[in-house]
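Visitor: sequence first, predicted coordinates after that:
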Amino acid sequence: MKKWSNGVANALLMLLLGIGAVPASGQALTVYTAWVPDYMISTGATLDQSTGLITEIAAGAFRQAHLQVNMAPEMPWLRAQTVAMTQPGAILLGLSRTPARERHWQWLALTFDEQIYAMTLQGRPSYTSILDMKVRHARVGTRLGSGSASLLHSNGIAVVEAVDTDTSFSQLSAGMIDVLLVQKFALRPALDSLSYGAHAELLSGLLPRLHATLLPDDIQQWMVASLTTPAEEGQKLRAAIESFRNTEQYKAILTKYEETVPHLAEPARDNGQP
């Protein structure tokens, strides 16, 4: 009797949280998010109430396809990846596709391509590609759990990962790293952190000293599902994103966030790929 009561209590708790309610069509789908501006800015009770580049794209796509998803509680991005990887029906709306991640997910649909900036300080060496950093044994910093970090790991480059970008800027200023990688849609929040982040007082004079190089090493953001998510549900998600990418609404969302990206750099002249 006690075991039965515990089971009922757990089931009710899952329903109250909005997790585990299986639609008639099959496996429940649950979105895992984190606070990662400008990709995921706020997580609401529903996807439609959430903001950020990838959340707004997914919300539009799922609304157009009449797909319903649950929202897991917001958590740090690396933890969201770790938890979602093992959960049936788990979705990450935007994950950079790299060799190191390839075998761990179902890669459902390309959301958008993204460029990477290499941030250095004036008077110090600059770098033109991931390969250049590897050959010259650069000490490279980036955000913990980011696509840039995974790309560096895939190329056998040691990475100094920080939980926030202003910590990475502090490391760059102190000479603890040689170069900091920042992805396109993280650039504006990263530069804002120089004025408003936890280390703003220390970093207030850093912006005029920054040199940015736009790397040739583009990265792709994909919607992914856990390997235990049924293929039928994955196909519905794939079709939703691929269809939405052909709409004016998709273009409008992408343009809205592209217009916020500061113009800091010219493309690197060395177009070699790692």
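Guide: Now that the structure is in, tell me what you want to look at. Residues are numbered from 1 along each chain as shown.
Visitor: residue 186: neighbour count?
Guide: Here the number of neighbours of residue 186 (other CB atoms under 10 Å) works out to 24. For glycine as for every other residue, the C-beta is placed from the backbone atoms N, C-alpha and C.
Visitor: contacts for stretch 176-186?
Guide: Here stretch 176-186 makes contact (CB atoms under 8 Å, 6 or more residues apart in numbering) with 36-39, 53, 96, 114-120, 124-127, 133, 138-143, 146-148, 152, 160, 165, 168-169, 171-172, 190, 215, 219, 257, 261.
Visitor: just the terminal-to-terminal distance for it.
Guide: 21 Å (CA to CA, to the nearest Å).
Visitor: buried among the contacts of stretch 176-186? Need that as a selection in PyMOL.
Guide: Buried members of the contacts of stretch 176-186, defined by 16 or more other CB atoms under 10 Å, are picked up in PyMOL with:
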select buried, resi 36+37+38+39+53+96+114+115+116+117+118+119+120+126+127+133+138+139+140+141+142+143+146+147+148+152+160+165+168+169+171+172+190+215+219+257+261
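Visitor: which ones among the contacts of stretch 176-186 map onto helices?
Guide: 53, 133, 147-148, 152, 165, 168-169, 171-172, 190, 257 (DSSP state H).
Visitor: any weak-confidence spans in the stretch 1-150 of the chain?
Guide: 1-26 (pLDDT under 70).
Visitor: cool, and the stretch 151-274 of the chain?
Guide: If you take pLDDT under 70 as the line, the stretch 151-274 of the chain has these spans: 265-274.
Visitor: would you map the strands across it?
Guide: Secondary structure of the stretch 151-274 of the chain (DSSP state E, counting those that start in this stretch): strands at 159-162, 179-183, 210-214, 219-225.
Visitor: skipping adjacent residues, who's closest to residue 80 in space?
Guide: residue 32 (4.3 Å; CB to CB, 6 or more residues apart in numbering).
Visitor: what residues are up against that neighbour?
Guide: 72, 75, 80-81, 83-84, 90-92.
Visitor: the longest strand in the chain is where?
Guide: strand 106-114 (DSSP state E).
Visitor: among the contacts of residue 32, which are located in helices?
Guide: Per DSSP H, the contacts of residue 32 map to helices at 80-81, 83-84.
Visitor: for PyMOL, what selects the buried ones among these?
Guide: What follows is the PyMOL syntax for the buried subset of these, where burial is set by 16+ other CB under 10 Å:
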select buried, resi 80+81+84
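Visitor: can you pick out the most distant pair from the ones in helices among the contacts of residue 32?
Guide: Farthest pair in the ones in helices among the contacts of residue 32 (CB to CB) is 81 and 83. Separation: 7.6 Å.
Visitor: can you report how many residues neighbour residue 137?
Guide: Quick note: residue 137 (other CB under 10 Å) scores 10 neighbours.
Visitor: what residues does it make contact with?
Guide: Contacts of residue 137 (CB under 8 Å, 6+ apart): none.
Visitor: phi first, then psi, for it.
Guide: phi 50, psi 50 (degrees, to the nearest 10).
Visitor: how near is it to residue 194?
Guide: For residue 137, the distance to residue 194 equals 27 Å [CB to CB, to the nearest Å].
Visitor: and what of residue 147?
Guide: In terms of CB to CB, residue 147 sits 22 Å off from residue 194.
Visitor: same question for residue 83.
Guide: From residue 83 to residue 194 the distance is 32 Å (CB to CB).
Visitor: residue 187 against residue 257, yeah?
Guide: No - proximity of residue 187 to residue 257 does not meet the contact threshold set by CB atoms under 8 Å, at 10.8 Å.
Visitor: list of residues touching stretch 237-251?
Guide: 29, 57-58, 60-62, 64-65, 67, 91, 108-111, 223, 225.
Visitor: can we see that at 7 Å?
Guide: 57, 60-62, 64-65, 67, 91, 108-109, 111, 223, 225 (CB atoms under 7 Å, 6 or more residues apart in numbering).
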